[in-house]
Every structure is written in C-alpha cells, then in structure tokens.
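>>> no letters, just coordinates:
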C-alpha cells in the first residue's frame, strides 16, 4: 500500500469510486505516478447507501469504465447492488491501482510555492496536482420542517433505507419523486405497505419504446455524449433532476398514476408540517402532467430519429394516463392516516469545506470547465453534467477521466520543458476556458 505521511506524489486522487478509479487507470496508461485515497473501501457508496432491491436504471452495456467494459452474460439487464460492488472490486483487482483505503482527506490547501498540501487521517502529504473525485452526494439533505414531525414518527433519509421490514408497522410517507423516492415508494408498495407519496417536479422517461430501451435510442442519437457547451443555459442544465424509471424486474416504467390506481395515495409537494398535520401544494396534477410531457417529448425525439435515419422499428401507441387526481388534497393527518414513518428522498448536499482553495461559486458549486479549475493543477471528476449527460455515471465518467488525464499529462510535460512545476501549469491552464 502506498505511503502517505510525509510523501510527495505528482498526482493525488481523492476518492476511490468509479471516478477516482477511472482517472487512476488513465494516469497509469500515461505512466504518471499517483496515489488514490479513499475514505472507506471501494464500493462503499453502493454498498452502504443503497437499499436491498436497488439496481441500476441504465443497462449493463453502459458500464464501460476505462479498460473494464461490462463483459457479463446480460448486457441489456440491470446490475443489482451486489453486482455493482463486484464490478468495482473486479476493476481494482484487474489493474491494481495505487489505492489507500480507510483514510479520509480532511484538508486541501495550496502552498505559496504552488504545491498542494493534503491533510488526512493518516498524516499530511503533498502533491503537484490533485483530482477531487468525491462526487456530488456527500451529506443527506433533510428539510428543517422535519424537526416539526411528532416524536413518535420514525423518520429516515433515503440513504438509510434498506427494506420495508426495517420500518415500524403502519403506513409510510415518502417525500420526493426523484429516482430514489419513486423506487423506494414502489419497493414499499410491492411489499403491501400503504404508501403516501409527496410528488415533486422530477421528469420521467419510458423504459422501452418502439422495440428498444429508451437508453439505447438516446445513446444512438448522441444524447449522452452531447457537451454542456452546446446548451445556452449551462447552470440550469447542471441542476437538472434525473428522469425516474427503473431496471427492476428486467426494467419497466415507473408510473405514479398506476400506483395511485392500485392504492398508493399521491399528493403535491410537501410545504409544511404543523404538529401532526402535513400541508401540500396544489401541484399534483401539474407535476404528473409535466412528467408525462417530458416522457412524450423523448418519444417525439426518438420518432424523429427513426424517420430521419430510416431505422426499422415497430410502431407503438402512446401512453394513455390510467389515473387522474379527482382532487388535490392539501392536508393530511398523520394519526388519522396511521402513518408511522417518513422517508426523506430529498437528495444530498455537497460538502467541500475541507478544500481551502477559492474555486467555488456562491452556491458552493466548483467552478470548472470539463473538470479543470482556475487553480492550476486542481481538478474535479465525477460531477453530474461535468461535461455531458453521462458524466458521473459508468457510461461516460471514463471519457471525462481521459480528458483530465490528457490535461494533467500535458501540464506535466510542459513543466518538465520549462523546468518548473509551478509556472507551467499556470501558463497551460490560462489557455483553457474555465467557467
């Protein structure tokens, strides 16, 4: 295992998930010495922050980390949690990265001479260049209104949900309809629990359309490789919520209307808690309609692609809503509904307080262009929409890693030519756009 205390490395990679391992592979291909520091063990996020029935929503053939594409027997299937962990563990075994597990990086600063100083739970070390590959999902986000729930109601964040049996008997309220919220609501629903679901504004996508997985159509159409620089609203694009769908049972739509038809209770956004009374916005119908409209828009794009390219594909009738809200309930009495637990599927916040370098905007988001920051030698990898829709996922994190590895290599070579490791990266970075 590489030494850290008092050591110096040309490159330090903070984070040993799919992003950190990908850039490590790319750095090794370029013969660049480096170390990868992981706070836990490889696969921790998938192993510890996902529920028992969790599976990917993208097909297995999209798992293509550098030098380690999916090679299993079910390319059109969807890896379950244990298979995802095994895929990463096999990646480590395959190319044996210079990995240090169980060590947390608690501080990153840049010395006046331009060298990066990293403080860790195993002591301090330095590096010429640093890749922050810790992803965007650091701290579970729970709204302050959660404090106003009655003390007898069990409440957990989605990252702590494992299965229906961990919850007390009674009905369950799930707040949030991103991918986690919808899939957890389905998990509880299939287990026979009475589920109440506060529906947000997340869009949805059909699993299959006209004979293929929609992911396959979108991949063929180039959507996953489309760069963020081709959009006018870069900041808005980076904040987009993922479409809800599932890979469970071979893959299928998540149809909240069908859940409601079959007994799930749907509400608009949760807006307040007053004792044991929950208050909701009157936007349930709007949110359901907008989600359907996004799914239809994706189908429109697929239809246009099929027509333009002359691709043979079966016709398919469009989705017809199976349920409409007769009313939009604005309040819910927890005791009357016998709700004994609440699951907050309200996402995560970033925590970069350990980085003592001014590369963040007013929202705490790292300012970068394709992962390259305005501080020479400091990079980010694994962010959603770092450059494309596939960034941060198994599908495209490798492309982002290749880009950064090329930049790191060019910076290193230029430094060698100039005879200094401080001036050269500055000169090189200034020639690249940063935003």
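Perfect, I can see it now. Just so it is clear, the model here is predicted, and its values are computed rather than measured.

>>> host element of residue 25?
Assigned by DSSP states H and E, residue 25 falls within helix 18-29.

>>> just the helices in this protein please.
Counting by DSSP state H, the chain has helices at residues 18-29, 44-48, 81-95, 179-190, 214-220, 234-238, 256-261, 284-309, 334-337, 397-418, 423-429.

>>> quick one: work out the angle between the first one and helix 81-95.
Translated: helix 18-29. Calculated by axes from the mean of the first three to the mean of the last three Cα atoms, to 10 degrees, helix 18-29 forms an angle of 10 degrees with helix 81-95.

>>> may I see the buried residues of helix 18-29?
Neighbour counts over helix 18-29 (16 or more other Cβ atoms under 10 Å) mark 18-28 as buried. Just so you know, the C-beta spots here come from the backbone N, C-alpha and C atoms, and that holds for glycine as well.

>>> just the longest one next, same as before
With burial defined by 16+ other Cβ under 10 Å, the residues of helix 284-309 counted as buried are 284, 287-288, 291-292, 295, 298-299, 302-303, 305-306.

>>> out of the residues you listed, who's nearest residue 267?
Closest approach to residue 267 among the buried residues of helix 284-309 (Cβ to Cβ): residue 284, at 6.1 Å.

>>> list the contacts for that closest one?
Contacts for residue 284 (Cβ atoms under 8 Å, 6 or more residues apart in numbering) come out as 199, 266-268, 325, 328.

>>> one step back: would you format the helices of the chain as CSV with mean pLDDT and distance to residue 383 included?
Output for these, formatted as CSV (pLDDT from 0 to 100; distance: least, Cβ to Cβ, whole Å):
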stretch, mean pLDDT, distance to residue 383
helix 18-29, 98, 9
helix 44-48, 93, 15
helix 81-95, 97, 19
helix 179-190, 97, 17
helix 214-220, 97, 20
helix 234-238, 77, 8
helix 256-261, 98, 29
helix 284-309, 97, 23
helix 334-337, 97, 38
helix 397-418, 92, 9
helix 423-429, 42, 18
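
>>> what sits up against stretch 216-231?
Contact partners of stretch 216-231, identified using Cβ under 8 Å, 6+ apart, comprise 59, 62, 209-210, 234, 237-238, 298, 301-302, 305, 385, 387-390, 395-396, 399.

>>> and the buried ones among those residues, selectable in ChimeraX?
The ChimeraX command for the buried members of these (criterion: 16+ other Cβ under 10 Å) is given here:
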select :59,62,209,210,238,298,302,305,385,387,388,389,390,395,396,399
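
>>> turn the contacts of residue 284 into CSV, including neighbour count, pLDDT and distance to residue 318.
Converted to CSV, the contacts of residue 284 look like this (neighbours: other Cβ atoms under 10 Å; pLDDT from 0 to 100; distance: Cβ to Cβ, whole Å):
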residue, neighbour count, pLDDT, distance to residue 318
199, 29, 97, 22
266, 24, 98, 22
267, 25, 98, 27
268, 23, 97, 25
325, 16, 96, 21
328, 15, 87, 25
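
>>> before we move on, the earlier item: which of the helices of the chain sits closest to residue 118?
Comparison of the helices of the chain against residue 118 by Cβ to Cβ identifies helix 18-29 as nearest, at 14.0 Å.

>>> for the closest one, packing partners?
When contacts are defined as 3 or more Cβ pairs under 8 Å, 6 or more residues apart in numbering; DSSP states H and E, helix 18-29 packs onto strand 8-14, strand 34-38, strand 64-65, helix 81-95, helix 397-418.

>>> could you list the residues in contact with it?
For helix 18-29, the surrounding residues in contact (Cβ under 8 Å, 6+ apart) are 11, 13-14, 34, 36, 38, 42, 65-68, 88, 91-92, 95, 97-99, 131, 133, 135, 381-382, 392, 394, 397-398, 400-402, 404-405, 408.

>>> quick one, that helix and strand 34-38 angle?
Here helix 18-29 runs at an angle of 160 degrees relative to strand 34-38 (the same axes, to 10 degrees).

>>> roughly how far out does helix 18-29 sit from the chain middle?
Taking the mean of its C-alpha atoms, helix 18-29 sits 19 Å from the chain's own mean (Cα atoms, centre = their mean, to the nearest Å).

>>> re earlier: just the buried residues of helix 18-29 now: which is nearest residue 190?
For these, the minimum distance to residue 190 (Cβ to Cβ) is 28.8 Å, reached by residue 18.
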